[in-house]
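Peer 1: Below are the sequence and a predicted model for it; my questions follow.
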Amino acid sequence: MPSPSRKRVILLGATGSIGESTLRVIRAHRDRLELVGVAAHHNAEKLFAICREFGVRHAALGDASVKASAPPGITLHRGPEGLNILATLPEADTVLVAIVGTTALQPTLAALAAKKTIALASKEILVLAGKLVMAAAHASGSRLLPVDSEHNAVFQCLEGHRTADVRRLVLTASGGAFRDWPIEKLAQVTPADALQHPTWAMGPKITVDSATLANKGLELIEAQWLFGLRAEQCQAVLHAQSIVHCLVEFTDGSMLAQLCPPSMTFPIQHALLYPERAAAGTDTALSLDKIFSLDFRPAEATRYPCLRLAQEAMAAGGTAPAVFNAANEVAVAAFLQSRVPFLAIPRIIEHTLATVKLIEPTTLDQILAVDAEARVTATHFTNQP
């Protein structure tokens, strides 16, 4: 029987970079956290290894076509329905969602309906369906705890303060691999260049998004929903050290900031243990004995057109953020496969936003239909000679 003194966690996306960081946190705090279910897209071997290490009895593979047999003592669920079953296990308290893309939507909504606490690391959920997800959380009384470093930082800064007293929030961005490159060189960059992130260790797609600042645009959209703010209240600046993760300015002109090293274990641990805190189990905290500086500068529109496009989509509302996200995913995949140049990414996004008809969705099916249409449109444009 699970210990009643420990939080019981479902981890959706256990084999990715967020999943690996989450496992490090759970290893460091086995007296407070218990892993009771894990999911991956297709990496069955790694998934089952996690099950054996942590004694997990429920696993799920999002890709139902993967031919894998679970070891004795492990129940394997498959496909979208399998993810829903895992996300609603009665013995679980918290579901950490680290699945990339639209696949995360249904299990998140299922977990909310089951009144689970959601630790949210998947940007796409609120970018695609912010209104529906926040309404579902409100209806169920479930808590949404942000895991992204920037949103977790905002959450910590806002605790005990009224949203009405916030003038603006500022998310920080490292600027990615090409922050200091001459702009004229961007036409020649390769996928290998883009994956050389200066401060964070992340997967390929989000590392490219960091180089274009598309990720920061997605985070601004997510922040708008999480914290109930207007589009114009959500801004971004470059901060090369990746130590300050947000600044919140209040109506009286004062600011609060949250600082920690550039490691995902800090926000993950905060979300999983909330409202308690514990010693950092895996990473070294900041040392003010060492000489370091903190600097900030604007994100140039000419260098980062994807940020501008994301902000325009956020201001437009409706399905515009979903179209932005879908087009960006198609464009980044094509760039990583060396089928389009780096500077084609914003062109593909802009074309898709101008082409796909935007609506104010009321159902998940409408959102998914627009998402699919945007992917077809972006792919067609990408494949043009």
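Peer 2: Perfect, I can see it now. Owing to the predicted nature of the structure, the values given are computational and were not obtained by experimental measurement.

Peer 1: Roughly how far does residue 19 sit from residue 125?
Peer 2: Using CB to CB, to the nearest Å, one obtains 16 Å as the distance from residue 19 to residue 125. Bear in mind the C-beta positions are built from the backbone N, C-alpha and C, glycine included.

Peer 1: cool, and residue 273?
Peer 2: If you measure residue 273 against residue 125 using CB to CB, the figure is 22 Å.

Peer 1: The two: which is more packed in?
Peer 2: Neighbour tally, residue 273 and residue 125, criterion other CB atoms under 10 Å: the higher count belongs to residue 125, 25 against 15.

Peer 1: List the residues that contact that one.
Peer 2: 97, 104-105, 108, 133 (CB atoms under 8 Å, 6 or more residues apart in numbering).

Peer 1: Kindly report the same for residue 133.
Peer 2: Shown in contact with residue 133 (CB under 8 Å, 6+ apart): 105, 108-109, 112, 125-126, 144, 225.

Peer 1: residue contacts, residue 96?
Peer 2: Shown in contact with residue 96 (CB under 8 Å, 6+ apart): 9-13, 22, 119, 121, 147, 268, 271-272.

Peer 1: Enumerate every residue touching the closest residue to it other than its chain neighbours.
Peer 2: Leaving out its chain neighbours, the residue that sits closest to residue 96 by CB to CB, 6 or more residues apart in numbering is residue 119, at 4.1 Å. Each residue near residue 119 by CB under 8 Å, 6+ apart is listed here: 94-97, 145, 147, 268, 271-272.

Peer 1: part of a helix, is residue 350?
Peer 2: Yes: using DSSP: H, G, I helix; E, B strand; the rest coil, the secondary structure at residue 350 is a helix.

Peer 1: thinking it is in contact with residue 312, fair?
Peer 2: No: look at residue 350 against residue 312 with CB atoms under 8 Å: they stay out of range, at 9.2 Å.

Peer 1: What residues of stretch 266-280 count as buried?
Peer 2: Of the residues in stretch 266-280, those buried by neighbour count under the rule 16 or more other CB atoms under 10 Å are 266-272, 274, 280.

Peer 1: Max pairwise distance over those: which two?
Peer 2: 274 and 280 (14.9 Å; CB to CB).

Peer 1: Which residue ranges make up each domain of this structure?
Peer 2: 7-146, 317-380 (automatic domain parsing).

Peer 1: mean confidence score for whatever helix or strand residue 331 lives in?
Peer 2: In the assignment (DSSP states H and E), residue 331 maps to helix 320-336. Rounded to a whole number, the mean pLDDT of helix 320-336 is 97.

Peer 1: still on that earlier bit, more neighbours: which of residue 350 and residue 312?
Peer 2: Neighbours were counted for residue 350 and for residue 312 using other CB under 10 Å; residue 350 has more, 18 against 15.

Peer 1: where does the more buried one land on pLDDT?
Peer 2: In the predicted model, residue 350 carries a pLDDT score of 98.

Peer 1: Now do it against residue 382, distance only.
Peer 2: For residue 350, the distance to residue 382 under the criterion CB to CB works out to 13 Å.

Peer 1: before we move on, what about residue 99?
Peer 2: Between residue 99 and residue 382 the distance is 24 Å, computed by CB to CB.

Peer 1: For those two, work out which one has more neighbours and name it.
Peer 2: Relative neighbour count places residue 99 above the other of residue 99 and residue 382, with 27 against 21, counting by other CB under 10 Å.

Peer 1: Number of residues surrounding residue 64?
Peer 2: For residue 64, the neighbour count with other CB under 10 Å is 13.
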